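> Got a predicted structure here, sequence first:
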Amino acid sequence: MIEQKIKKLFEEVGLGNIAYPIESVSGGFLHRMYKVRAVKKTYAVKHLNPVIMKRPDAISNFTAAEKLEKMIEDAGIPIVAALSFNNKMQEVDGDYFYIFDWHNGLTTDWYHITSDQCRQVGSIIGKMHSLDLKTGITTGIEESKIDFDLYVSKAKEMDPELFLLLAKSKELLQYAEDELNKARKLLPDIVCISDGDMDPKNVMWENGQPLVIDLECLAYGNPISDALQLSLQWSGVTICNIELNHIHAFFDGYLSVYDNGFHKYADVFGLGYTWLEWFEYNLKRTLDNYAGEEEKEMGVKEVKNTLARIRCLNENEADIRRHLALL
C-alpha cells in the first residue's frame, strides 16, 4: 500500500515513474524512510508517522519548522533540506510525506565518534544559534511534573516487567526531575533557532563533511539548554559510555562561532535529564490501550534505553559537572 502512495506522490509532484522495489531504510524512532529511484535521480522519501499527524498542532508545528529550515539553508549551513513542490510537505490520501535528494553519506557509528566530529557539530549548532537570536524572551519551558505513581499503577495492571522497572527506579526518576526543574529556572531569557534533535543519528557524514538531517523538530528554544544536552549526547550518554574530552571538543567548536556570555554550564547540568520527556512519551506509547503492537514494542524498548541513559548521567554527574566548570 505504501508503494502505491509513493507512486502517486511522484506522479503528483512531477517526478515521473519510479523503479521498483522501493527500499525501506532507517527512519528513526517516529517516522519511516524509503529510498526511491525515479527516472533520472534517486530520492529519500519520509513517511510521517500517522499517529503524530493526527495531533491538532502537527501541521502548524511542521510548517513552522519548514520556515526555520529555509533560514538555515539560506545561511549556507550544511543540511539536507526537504524539496519544495509549491510546498515542502505533500499529502496523499491522508498520509503526509517529505521528499529529499538522496545522499550516500553515513551516520557515525555511536562507538567511534571522534573529537573532531564533536567540534564540527558544535560549530554547526553555534551557527544555527547565532542566526536569529532574541534576548529578553523566555521559551516558556514549563516545570516538569510527571506523575510517576500514576505510571507505576498503570504498569502494574498492564505490564508486570515494566512495573518492576518503574518501581525500582522511582527515586532516581524523581531526583532527575527535581534537578531538571532547578536547571530550567537558571536559564537566561534568550531564544534562538533550536535543533535539539541533532544527535549523532541525525548527522550524516559524506566525504568527511557533516550534513544535518531530520530537521522536523526545528523550533525556537534556549541555546544553553540545546548546547548542554547536545554536548552530552555527542559525548556518549546515548550509549551510556561518556567520553569527557568530547564535551570539551563540542564546546570548542560551539564557542568559536557563538558565545552569548553564559559559561555556567555546570550549574545547569540538570538539563541533561530532559531525557525524562522522551521517557514519559514512550511510557504513554507502551501503556496506550489503542496503540498497535509494533508501537508498544518500540515504546518498551525506548523506556528501557532512556532509563539507562538517565542512570548513566546520574552515575557520572560529579565528573561531568567538574568538566563543565572548566568551560
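Yep, that arrived.

> Work out for me the element the most centrally placed residue in the chain sits within.
With distances taken as CA atoms, centre = their mean, residue 197 lies nearest the centre of the chain, 2.3 Å away. Using DSSP states H and E, residue 197 sits in no helix or strand.

> isn't it right next to residue 213, touching?
No - in this structure, residue 197 is not within contact of residue 213 by CB atoms under 8 Å, at 9.9 Å. C-beta: built from backbone N, CA, C; applies to glycine.

> Next, show the common contact partners of these two.
Residues touching both residue 197 and residue 213 (CB atoms under 8 Å, 6 or more residues apart in numbering): there are none.

> all helices for the stretch 201-327 of the chain, in order.
223-235, 244-257, 275-286, 293-315, 317-324 (DSSP state H, counting those that start in this stretch).

> Name the stretch among the ones you listed that sits most buried.
helix 223-235 (a mean of 24; mean count of other CB atoms under 10 Å).

> before we move on, the earlier item: any idea how far the residue nearest to the centre of the chain is from residue 56?
21 Å (CB to CB, to the nearest Å).

> same thing with residue 74?
Between residue 74 and residue 56 the distance, using CB to CB, works out to 30 Å.

> Neighbour count: those two, which is higher?
residue 74 (10 against 6; other CB atoms under 10 Å).

> quick one: pLDDT of residue 311?
Confidence at residue 311, expressed as pLDDT, is 97.

> what's the answer for residue 272, then?
97.

> With residue 28 instead?
pLDDT recorded at residue 28 is 60.

> re earlier: how about the contacts made by the residue lying closest to the residue nearest to the centre of the chain once chain neighbours are set aside?
Nearest non-adjacent residue to residue 197, counting by CB to CB, 6 or more residues apart in numbering: residue 217, 4.2 Å away. Contact partners of residue 217, counting by CB under 8 Å, 6+ apart, are 65, 195, 196, 197.

> can you pick the most crowded of these?
residue 195 (26 neighbours).

> Can you get me a residue count around the nearest residue to residue 110 once chain neighbours are set aside?
Nearest residue to residue 110, sequence neighbours excluded (CB to CB, 6+ apart): residue 239, at 4.8 Å. Using other CB under 10 Å, residue 239 is surrounded by 15 other residues.
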